[in-house]
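**Student:** Let's see this in three dimensions:
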Amino acid sequence: MTIHPRDLLRQMFDAAVAAAQPSHAIPAHLPKAPNGRLVVIGAGKASAAMARVVEDNWPGPLSGLVVTRYGYGVPCQRIEIIEAAHPVPDAAGLAAARRIFDLATSLTADDVVLCLISGGASALLALPHADLTLEDKQAVNRALLASGATITEMNCVRRHLSAIKGGRLAAACHPAKVISLLISDVPGDNPTDIGSGPTVGDATSCADALAIIRRYGIDVPAKVLAVLESGRGESVKPDDPRLKGIETKIIAAPQLALEAAAEVAEKAGFKTYILGDSIEGEARDVGKAMAGIALQVAKRDQPFAAPCVLLSGGETTVTVRGKGRGGRNVEFLLSLGIALDGQAGVYALAADTDGVDGMEEVAGALFTPDSLARAWAKGIKPKDALADNDGHGFFEALGDQLITGPTLTNVNDFRAILIETV
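**Tutor:** Just a heads-up that it's a prediction; the model follows:
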């Protein structure tokens with residue numbers, strides 16, 4: 001082999017991120033020039049980069065407004081870019097969401113709305129239900145993030161506490177034509193779950209959202225329970241006539257990113273297997289299960305023969321019980337490493353393609369066969385770090401964090417396990 005496993009893993013991750021860049025995905029999906037205006041609206045970690053690609057490839061007049069995460073802005077000339085907080089919304093996100101909604105209500109039947117949505121839009125489009133405040137939304141978001149609920153469950157709750165998500169933004173655009181371009185960051189690529197579905201009808205109900213809150217024992221303000229119990233937070237349904245004729249296109253998704261990474265590994269001489277692009281569950285449980293597969297490969301050449309690479313995507317969860325900083329990718333990786341127990345020839349990388357794992361400005365980390373030994377030499381007990389949800393602290397101490405800065409895209413988590421022949 002001519003490349004070190006650490007370097008190959010990083011090249012694979014970089015290829016996955018590159019494959020999901022808006023510059024590759026958007027130009028082929030731009031609409032024909034409308035009789036009226038082309039208005040661009042949107043939200044998400046990739047939305048500013050998406051807006052810039054639209055500007056660069058649209059010869060005629062256009063205007064618009066999108067909101068992205070702090071640090072993820074890209075300069076545009078005709079589309080206004082606003083930055084706001086993620087994953088817990090702030091006043092800037094509230095103001096941006098209100099302006100986007102007001103813009104939507106000013107359109108005519110001759111206008112076309114190009115809506116650019118990527119992961120992160122749920123927090124960035126922070127326009128709460130009329131009976132709720134930004135503080136209520138912040139409290140719910142914090143509780144959801146620590147609950148262990150899946151992204152599908154979290155977004156179901158968010159849709160029913162919003163004045164703009166769950167199809168409400170598209171309904172506000174009526175009678176204009178709406179074309180939504182989505183970069184998927186959710187398992188299964190369901191448009192309803194991408195950014196909590198601001199421009200698609202929602203088949204779930206307030207009762208579903210309430211059941212999720214009770215299932216996980218999530219502590220929410222009394223006003224939130226009242227909105228759900230009364231049904232006042234009901235979302236716009238798929239058969240609503242205001243949504244007729246809306247076009248929704250997924251232009252980048254986790255599977256595409258995994259395939260790009262697989263191509264890099266194959267060129268380096270590794271047979272590569274994609275185990276799934278929508279794997280969910282507690283991060284530590286998924287890590288332990290993946291370690292079991294890797295050990296079977298390393299020791300018995302089953303179900304695959306080494307050398308090989310195992311790829312997976314999706315979005316795991318972390319139920320935060322310790323005092324650590326969480327982070328589903330580092331928690332997965334630490335759990336995986338503990339279960340591998342120093343197995344020779346097994347390396348791994350886990351990172352979020354948006355460059356942010358949990359609430360940290362860190363994409364993820366790398367694990368090597370000697371990671372546990374290096375930790376013990378520093379007086380760090382890996383199992384204690386895992387119990388404390390302190391994966392970030394563990395990998396920071398080893399110098400094995402993966403820090404990318406804003407990647408300007410988001411197709412969810414990327415996990416790669418490289419197994420050498422020992």
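**Student:** got the contact list for residue 296?
**Tutor:** By Cβ atoms under 8 Å, 6 or more residues apart in numbering, the residues touching residue 296 are 302, 303. (Each C-beta comes from the backbone N, C-alpha and C, glycine too.)
**Student:** Give me the buried positions along stretch 365-372.
**Tutor:** 365, 366, 367, 368, 369, 371, 372 (16 or more other Cβ atoms under 10 Å).
**Student:** out of the residues you listed, who's nearest residue 37?
**Tutor:** Nearest to residue 37 among the buried residues of stretch 365-372: residue 365, at 46.1 Å, using Cβ to Cβ.
**Student:** Quick check: the closest one is in a strand.
**Tutor:** Yes: assignment of residue 365 by DSSP: H, G, I helix; E, B strand; the rest coil places it within a strand.
**Student:** So this structure: which segments form each domain?
**Tutor:** Here the domain assignment for the chain is 5-16+255-419, 23-252, based on automatic domain parsing.
**Student:** Present these as JSON lines; the columns should include mean pLDDT.
**Tutor:** Formatted as JSON lines, these follow (pLDDT from 0 to 100):
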{"stretch": "domain 5-16+255-419", "mean pLDDT": "96"}
{"stretch": "domain 23-252", "mean pLDDT": "96"}
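**Student:** Okay, strands next: where are they in this structure?
**Tutor:** 38-43, 63-69, 79-84, 112-117, 177-183, 247-252, 271-274, 308-314, 346-352, 364-367, 401-402, 413-419 (DSSP state E).
**Student:** what's the spacing between residue 24 and residue 269?
**Tutor:** 26 Å (Cβ to Cβ, to the nearest Å).
**Student:** My error: substitute residue 162 in the last question.
**Tutor:** 49 Å.
**Student:** same deal with residue 390?
**Tutor:** 36 Å.
**Student:** which of the two has more neighbours?
**Tutor:** Counted by other Cβ atoms under 10 Å, residue 390 and residue 269 do not tie: residue 390 has more neighbours, with 23 against 11.
**Student:** Is the more buried one in contact with residue 322, as I believe?
**Tutor:** Yes: with contact defined as Cβ atoms under 8 Å, residue 390 reaches residue 322; the gap is 6.5 Å.
**Student:** before we move on, back to that, export the buried residues of stretch 365-372 to TSV and append columns for distance to residue 103.
**Tutor:** Output for the buried residues of stretch 365-372, formatted as TSV (distance: Cβ to Cβ, whole Å):
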residue	distance to residue 103
365	41
366	43
367	46
368	50
369	54
371	50
372	54
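**Student:** Relative to residue 335, which of those is nearest.
**Tutor:** The nearest member of those to residue 335, counting by Cβ to Cβ, is residue 367 at 10.2 Å.
**Student:** Now do the contacts for that closest one.
**Tutor:** 333, 334, 336, 337, 340, 347, 348, 349, 350, 400.
**Student:** Of those, which is the most crowded?
**Tutor:** residue 350 (35 neighbours).
**Student:** That one bridge partners, please.
**Tutor:** residue 365, residue 415 (DSSP bridges).
**Student:** That one and residue 362: what is the separation?
**Tutor:** Counting by Cβ to Cβ, the gap from residue 350 to residue 362 is 11 Å.
**Student:** what do the two both touch?
**Tutor:** Shared contacts of residue 350 and residue 362, defined by Cβ under 8 Å, 6+ apart, comprise residue 330.
**Student:** rewinding a little: possible to save the contacts of residue 367 as a markdown table with distance to residue 196?
**Tutor:** Putting those into a markdown table (distance: Cβ to Cβ, whole Å) gives the following:
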| residue | distance to residue 196 |
| --- | --- |
| 333 | 28 |
| 334 | 30 |
| 336 | 30 |
| 337 | 34 |
| 340 | 37 |
| 347 | 36 |
| 348 | 31 |
| 349 | 29 |
| 350 | 25 |
| 400 | 34 |
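**Student:** So residue 168 is in contact with residue 235, correct?
**Tutor:** Yes: with contact defined as Cβ under 8 Å, residue 168 counts as touching residue 235 (7.1 Å).
**Student:** Bridge partners for the nearest residue to residue 271 once chain neighbours are set aside, pull those for me.
**Tutor:** In this structure, residue 271 finds its nearest non-sequential neighbour in residue 308, 4.5 Å apart by Cβ to Cβ, 6 or more residues apart in numbering. Going by DSSP bridges, residue 308 is paired in beta bridges with residue 271, residue 419.
**Student:** Quick one: residues contacting residue 308.
**Tutor:** 270, 271, 272, 273, 297, 419.
**Student:** And the fifth one, how close does it get to residue 223?
**Tutor:** In this structure, residue 297 and residue 223 are 52 Å apart, going by Cβ to Cβ.
**Student:** Between these two, tell me which one has more neighbours.
**Tutor:** Remark: of residue 297 and residue 223, residue 297 carries more neighbours, 22 against 14, as counted by other Cβ under 10 Å.
**Student:** Select the longest helix from this protein.
**Tutor:** Longest helix of the chain, by residue count under DSSP state H: helix 283-300.
**Student:** That helix versus strand 308-314: what angle between them?
**Tutor:** Counting by axes from the mean of the first three to the mean of the last three Cα atoms, to 10 degrees, helix 283-300 lies at 160 degrees to strand 308-314.
**Student:** Check the offset of helix 283-300 from the chain's centre.
**Tutor:** 24 Å (Cα atoms, centre = their mean, to the nearest Å).
**Student:** CA atoms only: put that helix into CSV for me.
**Tutor:** Provided in CSV are the C-alpha atoms of helix 283-300 (Å, rounded to 0.1, in the frame of the first residue of the first chain):
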residue,chain,number,x,y,z
ALA,A,283,-24.2,6.3,18.5
ARG,A,284,-22.5,4.0,21.1
ASP,A,285,-24.7,1.1,20.1
VAL,A,286,-24.0,1.5,16.4
GLY,A,287,-20.3,1.8,17.2
LYS,A,288,-20.3,-1.5,19.1
ALA,A,289,-22.2,-3.3,16.3
MET,A,290,-19.9,-1.9,13.6
ALA,A,291,-16.9,-3.1,15.7
GLY,A,292,-18.3,-6.6,15.7
ILE,A,293,-18.5,-6.6,12.0
ALA,A,294,-15.0,-5.2,11.6
LEU,A,295,-13.6,-7.8,14.0
GLN,A,296,-15.2,-10.6,12.1
VAL,A,297,-13.6,-9.3,8.9
ALA,A,298,-10.2,-8.9,10.5
LYS,A,299,-10.1,-12.3,12.2
ARG,A,300,-12.2,-14.5,9.9
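**Student:** Could you pull out the buried residues of it?
**Tutor:** 283, 284, 286, 287, 288, 290, 291, 293, 294, 295, 297, 298.
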